[in-house]
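K.L.:
Need coordinates for the following:
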Amino acid sequence: LVMRKRILKVLEAASVAVVMTCMIRQAVVFVELEQQEMKNAKSATNKPLDVIMHDEEQGNNSTIKLLETDIIYGRDWWEKPTVIEEYKLIFFTIPKVGCTEWKRIFRKMMGMNPWIPEMGRKGDELIQNPRTNNLTTLSDYSLADAEMMMKDPEWTKAIFVREPKERLLSAFLDKFVQEDSYFREKCCNHHLSEDELKHCNDKVGMTDIRYFLERTQNCQDYHWGLQSETLDEKWWPYINFVGYMHSLSEDARKLLKSLTSVNDGITAWEKVGKTGWG
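P.N.:
Residues are numbered from 1 along each chain as shown. Alright, predicted model coming up:
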């Protein structure tokens, strides 16, 4: 109840015009992605709606090449897609769309303890960090092997997305209000004038969503950036599973039930999903 009141207070204090200007680009991306999934679902006869396989007849995929500079391969090491060979899964995590919890379930799928001993934010950082979470990423493979996996219809290329306004609010509360040191380091920096820097530091930690929206227009970060920028445009057609944060429980169950171990033929749901993340 306290958090709900806090959120309402934040939203009421925001300028509607500023909010709409900042949100509209992400809203369009979300709607287009959702419409495209429905279009693919209707055309994917004899295939379940939750696992929409890429139709190779749509074009010659031999012209699509994976490059070292592609987002999915060469992006910031912290946000590289996770690969689990046993289940032929490539999963594209998006910050503020449950990525920490997904990486915990991936550790469990690989036979590891989903919980790294350190608790709190330190533990979350270790789960996210590929140098400490022991998860395999796409760039751990050669360009040829990674490209083959991306194009192979037997591999599931999955992503979960979130309603843009809800995701942006989550980023605001987490990275601006609560973990204010993150925003200070990222956006209150030497790129600002002395007066702007003081103003930025004064605002961070407060429930001033107007300033957050204005400042993030020129201070980009994965936590509030466009979800569409998680992948290069040429690789979006190869995504064959799209889940949604608002139906996370149902969509996660569908995904895990669709993933079968190449070792013993048991689904990820039977092995780890139905017993929970812990």
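K.L.:
quick one: contacts for residue 235?
P.N.:
Residues in contact with residue 235, defined by Cβ atoms under 8 Å, 6 or more residues apart in numbering, are 64, 70, 72, 150. (Glycine included, C-beta is placed from N, CA and C.)
K.L.:
can you check residue 135 too?
P.N.:
Neighbour list for residue 135: 82, 103, 106-107, 110 [criterion: Cβ under 8 Å, 6+ apart].
K.L.:
For these, pick the one with the most neighbours.
P.N.:
residue 106 (25 neighbours; other Cβ atoms under 10 Å).
K.L.:
Please list all residues in contact with it.
P.N.:
82, 84, 91, 135.
K.L.:
What does the pLDDT read for the second one?
P.N.:
Same thing as residue 84. pLDDT for residue 84: 97.
K.L.:
residues near it, how many?
P.N.:
Using other Cβ under 10 Å, residue 84 has 18 neighbouring residues.
K.L.:
Identify the bridge partners of it.
P.N.:
residue 89 (DSSP bridges).
K.L.:
I'd say it and residue 109 touch.
P.N.:
Yes. Contact criterion Cβ atoms under 8 Å: residue 84 and residue 109 qualify, at 5.8 Å.
K.L.:
Using CSV, please lay out the contacts of residue 106 together with secondary structure.
P.N.:
Converted to CSV, those look like this (DSSP: H, G, I helix; E, B strand; the rest coil):
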residue, secondary structure
82, strand
84, strand
91, strand
135, coil
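K.L.:
Show me the two of these that sit farthest apart.
P.N.:
Maximum pairwise distance among the contacts of residue 106 (Cβ to Cβ): 9.6 Å, between 91 and 135.
K.L.:
Tell me the residues that contact both of those two, please.
P.N.:
82, 106.
K.L.:
Burial check on residue 105, number of neighbours?
P.N.:
The burial count for residue 105: 20, using other Cβ under 10 Å.
K.L.:
and it, that's in a strand?
P.N.:
No. Using three-state DSSP, the assignment for residue 105 is helix, not a strand.
K.L.:
Now for residue 177: which residues touch it?
P.N.:
Contacts of residue 177 (Cβ under 8 Å, 6+ apart): 205-207.
K.L.:
Please tell me which one of those residues counts the most neighbours.
P.N.:
That'd be residue 207 among the contacts of residue 177, by other Cβ under 10 Å, with 17 neighbours.
K.L.:
And the pLDDT for that residue?
P.N.:
Reported pLDDT at residue 207 in the predicted model: 87.
K.L.:
can you check residue 247 too?
P.N.:
pLDDT at residue 247 comes out at 94.
K.L.:
Ok, the one 3 residues further on next?
P.N.:
According to the model's per-residue confidence, residue 250 sits at a pLDDT of 95.
K.L.:
Name the next helix or strand following the lowest-mean-pLDDT helix or strand in the chain along the chain.
P.N.:
Comparing helices and strands within the chain by mean pLDDT, DSSP states H and E singles out helix 16-43 as the least confident, with a mean of 46. Sequence-wise, the next helix or strand downstream of helix 16-43 (DSSP states H and E) is helix 71-74.
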